[in-house]
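Student: the following block contains a protein sequence and its predicted model.
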Amino acid sequence: MPDAAPEPKPLRTLKQRAAALVQIAQNDELKCLLADWEETVRFETSRIERKETLSYHVKNEIYQLIGFFIVFQGVILTTVSQSNNLRCENWWSPFALSAIATIVTLGGVVLKSFDYVKWRNGAKQLQRHVKVLKMQINYLKLHGKDFDFVEHCCINQKVRPKRLELSAKDRIIAGIFVFLVVALIGFAAIVLVSCRAILCPP
């Protein structure tokens with residue numbers, strides 16, 4: 001009589017998981033631990049969604065600031081070029097308006113950029129925490145009463161790095177912010193020089 005074929009690994013894992021869940025249900029300590037971790041995952045996931053939403057709104061606010069800045073500078077330049085009341089001695093008034101708008105916009109973009117980085121990094125830290133918790137939950141559900149708290153601590157230390165590292169996407173975003181600041185300064189300089197050149201032709 002041929003030997004029975006060994007059970008496939010997915011089936012063995014499923015049976016092991018079912019047995020572990022029964023052990024957890026019969027152990028108050030493990031049952032409370034599992035419930036606490038699952039509740040923490042739900043709570044942290046909601047916090048991640050909130051921080052990601054806030055970072056998205058901040059990014060849109062940066063785009064709006066830049067849009068308003070470009071429109072305002074365009075209005076100044078159009079007014080200077082079409083006005084019959086402005087003379088060379090008045091060149092400083094549109095120049096001052098343009099300079100003030102540039103300073104305010106740059107300050108707003110920089111502050112909003114810091115907010116964006118803060119919310120984005122906060123979400124990434126929570127995601128790593130949730131990743132650790134999910135690994136622990138899966139480990140607990142797979143091993144039941146054989147759950148090893150020492151190994152769980154090792155997993156926690158291994159997955160959670162001491163500091164956040166910049167990903168390729170983060171570097172691209174940082175490069176875009178730097179480019180935006182430089183572009184705003186360059187655009188403002190062109191408008192300022194144009195106002196002077198229009199009102200005080202050689």
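Tutor: Yes, it's here. Here the structure is a predicted model, which is why all the values come from computation and not from measurement. Numbers count the residues shown, from 1 in each chain.
Student: state the distance from the spatially most central residue of the chain to residue 174.
Tutor: Against the mean C-alpha coordinate of the chain, by CA atoms, centre = their mean, the closest residue is residue 120 at 2.2 Å. As for residue 120, its distance to residue 174 is 11 Å (criterion: CB to CB, to the nearest Å). (Each C-beta comes from the backbone N, C-alpha and C, glycine too.)
Student: so how far is residue 194 from residue 81?
Tutor: Here the criterion is CB to CB. By it, residue 81 lies 8 Å from residue 194.
Student: looking at those two, which is more packed in?
Tutor: In terms of neighbours (other CB atoms under 10 Å), residue 194 is the more surrounded of residue 81 and residue 194; the figures are 17 against 12.
Student: what about that one, which helix or strand?
Tutor: Following DSSP states H and E, one finds residue 194 within helix 168-199.
Student: tell me which residues of that helix are tucked away?
Tutor: Neighbour counts using 16 or more other CB atoms under 10 Å place 173, 177, 180, 184, 187-188, 191-192, 194-196, 198-199 of helix 168-199 among the buried residues.
Student: may I see these organised as CSV, with pLDDT and distance to residue 57 added?
Tutor: Converted to CSV, those look like this (pLDDT from 0 to 100; distance: CB to CB, whole Å):
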residue, pLDDT, distance to residue 57
173, 73, 16
177, 76, 16
180, 77, 17
184, 77, 21
187, 77, 25
188, 77, 26
191, 76, 29
192, 76, 32
194, 78, 34
195, 74, 34
196, 73, 38
198, 76, 38
199, 70, 40
